[in-house]
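1. Pasting a predicted model and its sequence here:
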Amino acid sequence: MVPGYFMKIAEINLNTEEINLISLEEKEVKKFIGGSGLGAKLLYEYTDNKTDPLSSENVLIFMTGPLTGTKTFSSDRFEVITKSPLTGIYTESDCGGRWGEGLKKCGFDGIIIKGKAKKPVYITINDEKIKIEDASDLWGKDTFTTDTLIKEEMGPNSHVVCIGKAGENLVKFACIINEGKHGRAAGRAGVGAVMGSKKLKAIGVLGTKEVKIAHKQEFNQFIKNMVPCMTDQTEVLRRYGTSNGVEYCESVGDLPIKNWYQGSWEGAKKISGQYMAKTVLKKSYHCGRCVIGCGRTVEITEGKYKLEETAGPEYETIGMLGSNCLVDDIKVICKANELCNRYGLDTISTGSAISFCMEAYERSLITKEDTGGLKMEWGNGDALLEMIKKIVNRQDLGKLLGEGLVKASKEIGGNSCEFAVHVKGLDFPAHDPRGKVSVALGYATSNRGACHLQAFTHDFEDGASMPDLGYKETIDLFKTKGKAKFVVDFQHLMSMLDSLHCCKFIIFGGMTVEPLVKVLNLVTGWNFSKEDFLEAGERIFNLKRLYNVREGISRKDDTLPPRILTHPRGGGAGNNLPDLNKMLHDYYQIRGWDEFGIPTKETLKRLELEEYILNKPN
Amino acid sequence: MSNLNITLKLFGSLDKYIKDYNYKKGVSLRLDSNQAVIDVTKKIGIPTNKISLVLINNNAATLDCIIKNNDIIKIFPQIGGG
């Protein structure tokens, strides 16, 4: 047994209701760690380029890492890995809240859901006892109610992940919700639709086992010593949430405005974290094992957007459902967020769908007939809220929008594909590559499509530094030189954070590369050097790329939409346009990929990944 | 004109605006009276748009708050937008 792990994964077959226990080997966890690393390896083995994401052949993997269930900061997290119905390629989605540790304490490092149930089911896991139960009473219920009902059944210490109507209705960007009204989400790329296609409503966990730690005393002391730094440095996140930088982001041309068209906007100050703190905010929310508390809890006591205490919007939600739609009413955004949480929709892709819709409406490519009578004008908060419901219920234009931007723009036609802002089918999150140039490369090369988390360089451009990764000085926002290496290094670190599995925000509280290596070694008893650690991150990143190469992804797909490459937005970003081609060339060279973006044999050999390109798919 | 003594603490990436900044102690400053927080941050060279949180004696404040003697002022940059 390797400390930090239970060395066990439960494979749950919803066709046959069989449960298989899979043993992990030390060699494989040392190579792929856990979380999205181990998940990617399993997804590669269980699926191939013929697998239809919404068929019974796809698998839905929930994975924790060696640090989950320990005192490591912000380690109560889990990763969902599957083949995305929105993009048709590799995807992963990371979630905090309280469930990852619960699963781990049942004695499983992860679970793999195979097949498809004949009728709606939910799964309960009580330590090693896994049961598949009839969910006919739960199907159709929202995520808040489902969470409450399963907790009533399993007990107050249980934790629940579930889908809402959006997942049941196979909306391509349906998400999985944890913690009910606290709205923690495995948000992106339609992981909720995969769960819905399997007729799986929810998974409840209640675990009592303890995770073994190799050097327990030294580990406990190490964590204790870091608490002051972790708490002090992150106060801005606790007070103002992830939207603490909305006005800053607007000022530098990073905040999306009017479907990525506009450069500056007066409304930003009315939807920031600071504004929320003066108006709708009740308190902060902490995920399990987290001292940072970036989550928001809001309440709106009166008026037409009245809301009982519920999760408040994050930066992404404020960007995509607020500024990108020119909605400057924080109450509308809070209500929109609540609807997305209740019915299980990714707020990023929902905001993207609606801002796209608003532009199509402005350009008369769609009309009120298509929208079921809704006037989808910029800034129309009530229309935005109604359209969210139409997306959930697959009504009118909501049905097409729920298929994602690629299908929607194809169907709507005209030149709508020119303003469908996505990479590989995944909608842009709320950071603009014209404002922060490394983001251009990050979005173009991320393994799940446009994703700000796989590289997470946006805060390190014109801001933070990470000396133990080699970045001491502030990096210029608009500079191209050196950006490729910068993105590569951060992608390796982020691959590791997604595999260990910890929240990325701990890097702002002092848990950078060297402390993370130390903690991994203290928990597992291994002797990883910093180089071993970052090489594991490189291996994991390349494995995900191999999955996509098998799907047909290459250079032609590592690109950005026309609006981002050719339309300067003005405002803080001025006339800047990202020189993607130059950065991409450098990036492939550094990565040891050929001109088509395919990892070379030499690179795969160095990373001990040859078997993954030589094996034929099943 | 009476002088004020205050302690200024800079967090995250803002620490680079003071040479050899000591994270534990912060920096002691002597100021003229009737200065706002923004007067101090501007003098140090911190771009105003980079400041996301101002605390005076651990209470939320703003850049235009007037500083008093013995105040402990904490300045934070934006973090993790997204």
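-> The structure has been received and is ready for your questions. Numbers count the residues shown, from 1 in each chain, chains lettered A, B, ... in the order given.
2. Need the pLDDT of the residue nearest to A:Asp370 when sequence neighbours are not counted.
-> Nearest residue to A:Asp370, sequence neighbours excluded (C-beta to C-beta, 6 or more residues apart in numbering or on different chains): A:Leu397, at 4.7 Å. From N, CA and C alone the C-beta is placed, and that goes for glycine too. pLDDT recorded at A:Leu397 is 98.
3. Report how many residues lie close to A:Lys50.
-> 9 (other C-beta atoms under 10 Å in any protein chain shown).
4. cool, A:Glu133 as well?
-> By the criterion of other C-beta under 10 Å, A:Glu133 has 17 neighbours.
5. Give me the distance between it and A:Ala117.
-> Computed with C-beta to C-beta, to the nearest Å, the distance linking A:Glu133 and A:Ala117 is 10 Å.
6. before we move on, what about A:Leu281?
-> Distance from A:Leu281 to A:Ala117, by C-beta to C-beta: 40 Å.
7. Can you give the contact residues for the helix or strand bottoming out on mean pLDDT in chain A?
-> Lowest by mean pLDDT, DSSP states H and E among the helices and strands of chain A is helix A:610-614, with a mean of 77. If you take C-beta atoms under 8 Å, 6 or more residues apart in numbering or on different chains as the criterion, helix A:610-614 is touched by A:Tyr44, A:Leu543, A:Leu546, A:Val549, A:Pro599, A:Lys601, A:Leu604.
8. any idea which residue of chain A is furthest from its center?
-> A:Glu369 (34.3 Å; C-alpha atoms, centre = their mean).
9. Quick check: which ranges of chain A have low pLDDT?
-> A:614-618 (pLDDT under 70).
10. Spatially central, which residue of it would that be?
-> Central residue of chain A (C-alpha atoms, centre = their mean): A:Ser93, at 4.1 Å.
11. Next up, phi/psi of that one, please.
-> phi -140, psi 130 (degrees, to the nearest 10).
12. From chain B, how far off is it?
-> Distance, A:Ser93 to chain B, using C-beta to the nearest C-beta, to the nearest Å: 15 Å.
13. looking at it, that residue is touching A:Phe78, isn't it?
-> No. Using C-beta atoms under 8 Å, A:Ser93 is not in contact with A:Phe78, being 9.5 Å away.
14. For those two, list the residues in contact with both.
-> Common neighbours of A:Ser93 and A:Phe78 (C-beta under 8 Å, 6+ apart) are A:Ala186.
15. Helices of chain B, start to end?
-> B:37-44 (DSSP state H).
16. Could you verify my assumption that A:Gly351 touches A:Ser323?
-> No. The criterion here is C-beta under 8 Å, and A:Gly351 misses it with A:Ser323 at 9.3 Å.
17. ok, the two, which is more surrounded?
-> A side-by-side neighbour count of A:Gly351 and A:Ser323, using other C-beta under 10 Å, places A:Gly351 first with 34 against 26.
18. ok, for the more buried one, nearest residue in space, not its chain neighbours?
-> In space, A:Gly351 is closest to A:Met320, 2.6 Å off (C-beta to C-beta, 6+ apart).
19. what's the neighbour count on the one you found?
-> Neighbour tally, A:Met320, other C-beta under 10 Å: 29.
20. Buried residues, the helix or strand harbouring A:Val29. List them.
-> Using DSSP states H and E, A:Val29 sits within helix A:26-32. Under the neighbour-count criterion of 16 or more other C-beta atoms under 10 Å in any protein chain shown, helix A:26-32 has A:Val29, A:Lys31, A:Phe32 buried.
21. Could you do stretch A:44-53 as well?
-> So stretch A:44-53, judged by 16+ other C-beta under 10 Å, has buried residues A:Tyr44, A:Tyr46, A:Thr47, A:Asp48, A:Thr51, A:Pro53.
22. of all of chain A, which residue lies closest to chain B?
-> In chain A, the residue found nearest to chain B is A:Gly245; the distance is 2.8 Å by C-beta to the nearest C-beta.
23. Great, nothing more from me.
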